[in-house]
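Trainee: kindly generate the corresponding structure for this input.
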Amino acid sequence: MLASTFKDFGRRIAISSYVNSAGVVSTNLWANNSADVRGTLDNYDVSDIRSGSNSGTSIAYPNGGGSTDDRFGFGIAADDSYMIASSYAALNDKGKGFLYNKGIFEKDFRGTGLLSGEKMGTSMALSKEAERIVACAKNRKVGNKKKAGECFVFDFQGVQQPISLRLNAIPGSANIVGETVQNGFFGQRVKIFQDHIYIGSIGRTSSTITSGAVYIFKISGTFVLEVLPEAIFSSDRFGSDFTLLDSVLAISAPDQGTCGVVYLFTLKMSGASPTDIESSKIIEPSKCIAGMRFGNARSMAVLPNRKLILIGNGGSDSEKYNVVDVINKDGILKGHIDGSGNSGAQAFGSSIAAIEDVNNKATVFIGDYLSGGIAYVVESNLWE
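Mentor: As a prediction, the model looks like this:
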């Protein structure tokens, strides 16, 4: 394990990869730097990291703008040559997003009708070539429901500032599954898989019990499926994070039980589109100490060629949790990445990103934002 210290790094990380002008694959790690509440983003060349270097470049708020506490880089996502970053506290806490191509700023975007404190950009995602960008405002008031949450979908193909649709649970629903609820926090987490938008709503209420849900939409905005846990546990924050490996959807409930659990749902698929849930099972962490939060927000990733899912434990600020579990699609533990031997590790696994290069070499980046900003870079052919 190679440990590289990146200044105040670790809460949010993303990876982009593209062929540069020289015909060489350029793979970049993006990490928010929370040392300054105004915010910056650090950009690292993955080939340099693999060589043992931790010297990156910092990207400041575009065009020298921004206020002292805009939280630039709080939300980040990347795919191919594109990267998006948010300042959820910009514009008096309404939120604002920024689009980059190959590290160069292109344009900004914002949701219409946002009110102060609704914070668009707390979670974001983008599809291939940035054809669609989803930016969520989990504190958005919908109707008379405070903090119900709403997600904005942007189409940037040749258009400067459009909003193609807005998502808040199941359109038109009332008093049924998927209803818009106060403190639903729809948009706590958002990701795009195979031209579908997956959105977590950790405050979704069922039979008066607040548990959570994950909603799946087509990229066009058409509702597809609501995913719920088998057993409803109050305030378990189901939907805090999730990832998809083939037809297996892993969803965390980090506040369920003593240490949290992860649900593995096998989806029935019609092509790339999920149609129903075929089966599910519950996975517990390999290591459990009271206060752990298995699969907490931003702590899940996949190695698709190896058919592996990585799940971190993010606990309270005062404790040390140092294990990332590596499981297969069946939920069988294949190994774990142990950070306990790294001096000062406190929130090891608080964020995870992973990539397999053209030579099928796996690199896993594990953030620990409480330890002054440490990324543990793991290169291994274990678990195969």
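Trainee: what sits closest to Asp80 if chain neighbours are left out?
Mentor: With CB to CB, 6 or more residues apart in numbering as the criterion, Asp80 has its nearest non-adjacent residue at 5.3 Å, and that residue is Tyr18. The way it works is simple: take the backbone N, C-alpha and C, and place the C-beta from them, glycine included.
Trainee: what about the one you found, which SS state?
Mentor: Following DSSP: H, G, I helix; E, B strand; the rest coil, we place Tyr18 in the strand state.
Trainee: how about the strands in the stretch 251-384 of the chain?
Mentor: 261-270, 273-283, 300-303, 308-312, 323-328, 333-338, 351-356, 362-368, 374-379 (DSSP state E, counting those that start in this stretch).
Trainee: any chance of JSON lines for these, columns mean pLDDT and mean neighbour count?
Mentor: Output for these, formatted as JSON lines (pLDDT from 0 to 100; neighbours: other CB atoms under 10 Å):
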{"stretch": "strand 261-270", "mean pLDDT": "95", "mean neighbour count": "19"}
{"stretch": "strand 273-283", "mean pLDDT": "93", "mean neighbour count": "15"}
{"stretch": "strand 300-303", "mean pLDDT": "93", "mean neighbour count": "23"}
{"stretch": "strand 308-312", "mean pLDDT": "92", "mean neighbour count": "26"}
{"stretch": "strand 323-328", "mean pLDDT": "90", "mean neighbour count": "22"}
{"stretch": "strand 333-338", "mean pLDDT": "84", "mean neighbour count": "17"}
{"stretch": "strand 351-356", "mean pLDDT": "86", "mean neighbour count": "21"}
{"stretch": "strand 362-368", "mean pLDDT": "80", "mean neighbour count": "25"}
{"stretch": "strand 374-379", "mean pLDDT": "62", "mean neighbour count": "21"}
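Trainee: tabulate those in TSV, adding columns for distance to Ala135.
Mentor: What follows is these, written out as TSV (distance: least, CB to CB, whole Å):
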stretch	distance to Ala135
strand 261-270	25
strand 273-283	23
strand 300-303	20
strand 308-312	24
strand 323-328	28
strand 333-338	31
strand 351-356	19
strand 362-368	22
strand 374-379	25
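Trainee: now do Ile197, the pLDDT please.
Mentor: Ile197 is assigned a predicted lDDT (pLDDT) of 92.
Trainee: and the residue nearest to Asp80, what are its bridge partners?
Mentor: Ser26 (DSSP bridges).
Trainee: looks like it contacts Ala78 (just checking).
Mentor: No - when contacts are counted by CB atoms under 8 Å, Tyr18 is not listed as touching Ala78 (10.0 Å).
Trainee: alright, I will stop here.
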